[in-house]
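1. model this:
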Amino acid sequence: MESAAHVALISSPGMGHLFPALELATRLSTHHRLTVTVFIVPSHSSSAENKVIATAQAAGLFTVVELPPADMSDVTESSIVGRLAITMRRHVPIFRSAVSAMTSPPSVLIADIFAVESFAVADEFDMAKYTFVASNAWFLAVMVYAQVWDREIVGQYVDQKEPLQIPGCEPVRPCDVIDPLLDRTELQYSEILKLGMGIASSDGVLVNTWDELQHRTLASLNDRYLLGKISPPVYSIGPIVRQPGSKKGGSSELFNWLSKQPSESVIYVSFGSGGTLSFEQMTEVAHGLEMSKQRFVWVVRAPKVRSDGAYFTTGDGSEEQSSAKFLPEGFLERTSEVGFVVSMWADQTAVLGSPAVGGFFTHSGWNSALEGITNGVPMVVWPLYAEQRLNATMLAEEIGVAVRSKELPTKALIEREEIAAMVRKIMVEEDDEGKAIRAKAKELQRSAEKALAEGGSSYHNFARVVKLFGC
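-> Numbering: from 1, shown residues only. Next comes the predicted model:
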């Protein structure tokens, strides 16, 4: 009998990369009985990230190896993508040393999109090379096809008069181009091209979506000559989402409050671990929620700047004090019966899984979008950075599970009246659009469950991949 494969995963820093990598490792180890080692490049700046890593280590489902930090003292690059790419490049020799020290090196390497330069180590140790894309298939298409745009398009992509074309996929409007491609003169632009080429060099690509959600885009990606040369096969294995944590401890007050609310009456508001609003925009969101007359849970983070330009601090960190500093005067008192404000962090998967929650006001990061979809809740999408504009367009205009503001939140102040209208649209309005959005959310929830169930498309694709691993 052929022995089970030993699979290595390497994850770049940040919760958006770490959570999906650990969940993928969990599925490989528990569903398919593979030996899994996860190599993590920690950021060392997030207590939540440290807690997640410690929890994974304590669970003992797979081995977790924290790679030591690389020297970044001479790096002046400020963009997130640029720094991530340089960080992961400088960890390649550290990763090589870690693999060399193993008594039994892995036979398969799965790298997230920022770690594809570690494929050089896979080649040295005769490992199969796979990329894990924690985002969706449209984003993957942009990543790999950007090298074609680079050759064929003159000028900045955002200045183009017509949408950017990818064969077989929805065209990308210039305003939806992902952040690293916005300025072709910046370092992060060249870095994202390198990463796209690295993805295209892998033996296969695992993407966090499912066939029924993005059939046309996946079919295009599996055209082996999409790039004018042989491209790797793409396997949709999602949705891979975090499992809810405990509802006890520090969050017990929140979940006690949720348990007393009517079914699907609460909208959950969170802009992600890295999402912040301006002081002026936070004020409009607060008034918009109040005007909507809907119950809400709002994870509040300090705004980027005050109206006078000074940066906020949160004082001693107490929830009451920090929230009161930058929410409108009297807001907490006026909404005390219908709203629950949380400082900094909440267990999002557990909140979205509450029977009381019927909507999600989100930055439209793909992890959050999937958590909304798998819980059957319609969304207000509010893209802030990275590929979130692309996600928001897909969720609102292609899939039909969300509403969005008329202007981009990063380009204009979205006023309270429009915010209140969007919230009411997904929560209570009985017009055809509101009904269709809520129905679509339930339909996609069922579709996701079916894809993962035995005999479903993602179940089948996952089994195909594991078989390719040599099991």
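2. for the lengthiest helix in the chain, give me every contacting residue.
-> Counting by DSSP state H, the longest helix found in the chain is helix 432-452. Contacts to helix 432-452, defined as C-beta atoms under 8 Å, 6 or more residues apart in numbering, come from residues 210-213, 238-239, 370, 372-379, 399-403, 424-426, 428, 456-459. Bear in mind the C-beta positions are built from the backbone N, C-alpha and C, glycine included.
3. drop anything exposed from those.
-> Neighbour counting by 16 or more other C-beta atoms under 10 Å classes 210-213, 238-239, 370, 372-379, 399-403, 424-426, 428, 456-459 among the contacts of helix 432-452 as buried.
4. so how far is Y145 from E449?
-> For E449, the distance to Y145 (C-beta to C-beta, to the nearest Å) stands at 31 Å.
5. do the same with G330
-> Taking C-beta to C-beta as the measure, G330 falls 51 Å from Y145.
6. where exactly do the strands run in the stretch 251-400 of the chain?
-> If you assign secondary structure with DSSP state E, counting those that start in this stretch, the strands in the stretch 251-400 of the chain sit at 266-270, 295-300, 339-343, 357-362, 379-381.
7. now those as TSV including mean pLDDT and distance to S231?
-> Shown next, in TSV, are the strands of the stretch 251-400 of the chain (pLDDT from 0 to 100; distance: least, C-beta to C-beta, whole Å):
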stretch	mean pLDDT	distance to S231
strand 266-270	98	36
strand 295-300	96	39
strand 339-343	94	44
strand 357-362	98	32
strand 379-381	98	30
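8. so which of those strands gets nearest A111?
-> strand 357-362 (27.3 Å; C-beta to C-beta).
9. ok, which of the strands of the stretch 251-400 of the chain comes nearest T283?
-> Closest approach to T283 among the strands of the stretch 251-400 of the chain is made by strand 295-300 (12.0 Å; C-beta to C-beta).
10. that closest one pairs with which strands?
-> With DSSP bridges as the test, strand 295-300 is paired with strand 266-270 (parallel), strand 339-343 (parallel).
11. ranking those strands by burial, who's on top?
-> Highest mean neighbour count among the strands paired with strand 295-300 (mean count of other C-beta atoms under 10 Å): strand 266-270, with a mean of 26.
12. distance to K51 for the strands paired with strand 295-300 - can I get that in a markdown table?
-> As requested, the strands paired with strand 295-300 are exported to a markdown table (distance: least, C-beta to C-beta, whole Å):
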| stretch | distance to K51 |
| --- | --- |
| strand 266-270 | 18 |
| strand 339-343 | 16 |
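13. please name whichever of the ones you listed is nearest to S354.
-> Closest among the strands paired with strand 295-300, using C-beta to C-beta: strand 266-270, at 7.5 Å.
14. strand 357-362 and that closest one, what's the angle between them?
-> Strand 266-270 and strand 357-362 meet at an angle of 20 degrees, taking axes from the mean of the first three to the mean of the last three C-alpha atoms, to 10 degrees as the criterion.
15. coming back round to it: compare E449 and Y145 (neighbour count), which wins?
-> Shown here are E449 and Y145; by other C-beta atoms under 10 Å, Y145 has more neighbours (22 against 13).
16. I figured that one hits I166, correct?
-> Yes: the criterion here is C-beta atoms under 8 Å, and Y145 meets it with I166 at 4.8 Å.
17. confidence score at S318?
-> S318 is assigned 39 on the pLDDT scale.
18. go ahead and confirm L61 touches H32.
-> No: checked against C-beta under 8 Å, the pair L61 and H32 is beyond contact range at 11.9 Å.
19. quick check: neighbours shared by the two?
-> With C-beta under 8 Å, 6+ apart as the test, L61 and H32 reach no residue in common.
20. buried residues in stretch 61-79?
-> 61-65, 67, 70, 77, 79.
21. what's the closest of these to V297?
-> Nearest to V297 among the buried residues of stretch 61-79: L61, at 30.5 Å, using C-beta to C-beta.
22. how many neighbours does the closest residue to the closest one other than its chain neighbours have?
-> If the residues on either side of it in the chain are set aside, L61 comes closest to S29, at 4.8 Å by C-beta to C-beta, 6 or more residues apart in numbering. S29 has 19 neighbours, counted by other C-beta under 10 Å.
23. residues contacting S29?
-> Each residue near S29 by C-beta under 8 Å, 6+ apart is listed here: 35-36, 61-62.
24. same check on R424?
-> R424 touches 292-294, 434, counting by C-beta under 8 Å, 6+ apart.
25. ok, V75 next?
-> The contact partners of V75, by C-beta under 8 Å, 6+ apart, come to 83, 86.
26. so it, which of the three states?
-> Secondary structure state of V75, per DSSP: H, G, I helix; E, B strand; the rest coil, is coil.
27. just for this structure, where's the confidence low?
-> The chain contains residues with pLDDT under 70 at 1-4, 44-46, 245-251, 305-324, 471.
28. L468 contacts A128, correct?
-> Yes: with contact defined as C-beta under 8 Å, L468 counts as touching A128 (7.4 Å).
29. mind telling me what element E170 is part of?
-> Counting by DSSP states H and E, no helix or strand carries E170.
30. so it makes contact with W138?
-> Yes: counting by C-beta under 8 Å, W138 is a contact partner of E170 at 6.6 Å.
31. which neighbours do the two have in common?
-> Taking C-beta under 8 Å, 6+ apart as the criterion, E170 and W138 both touch 217, 394.
32. more neighbours, these two?
-> Counted by other C-beta under 10 Å, E170 and W138 do not tie: W138 has more neighbours, with 26 against 20.
33. the more buried one and S273, how far apart?
-> According to C-beta to C-beta, W138 stands 23 Å off from S273.
34. can you check M88 too?
-> Going from M88 to S273 by C-beta to C-beta gives 19 Å.
35. how about I10?
-> Look at I10 and S273: by C-beta to C-beta, they are 21 Å apart.
36. comparing those two, which shows the higher neighbour count?
-> Just comparing I10 and S273: by other C-beta under 10 Å the higher neighbour count belongs to I10, 30 against 21.
37. on the three-state scheme, the more buried one is what?
-> I10 - assigned by three-state DSSP - is strand.
38. who does it bridge with?
-> Going by DSSP bridges, I10 forms beta bridges with F39, A111.
39. for it, give me its contacts.
-> Residues in contact with I10 (C-beta under 8 Å, 6+ apart) are 38-41, 95, 109-112, 115, 118.
40. for those residues, could you give me CSV that also reports neighbour count and distance to M102?
-> Below are the contacts of I10 laid out as CSV (neighbours: other C-beta atoms under 10 Å; distance: C-beta to C-beta, whole Å):
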residue, neighbour count, distance to M102
V38, 27, 13
F39, 24, 10
I40, 23, 15
V41, 27, 17
F95, 25, 11
L109, 28, 12
I110, 29, 16
A111, 28, 17
D112, 26, 20
A115, 30, 17
S118, 26, 14
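41. out of these, which is nearest to T103?
-> Minimum distance to T103 across those is 15.8 Å, recorded for F39 (C-beta to C-beta).
42. do I have it right that the closest one meets F95?
-> Yes: with contact defined as C-beta under 8 Å, F39 counts as touching F95 (6.1 Å).
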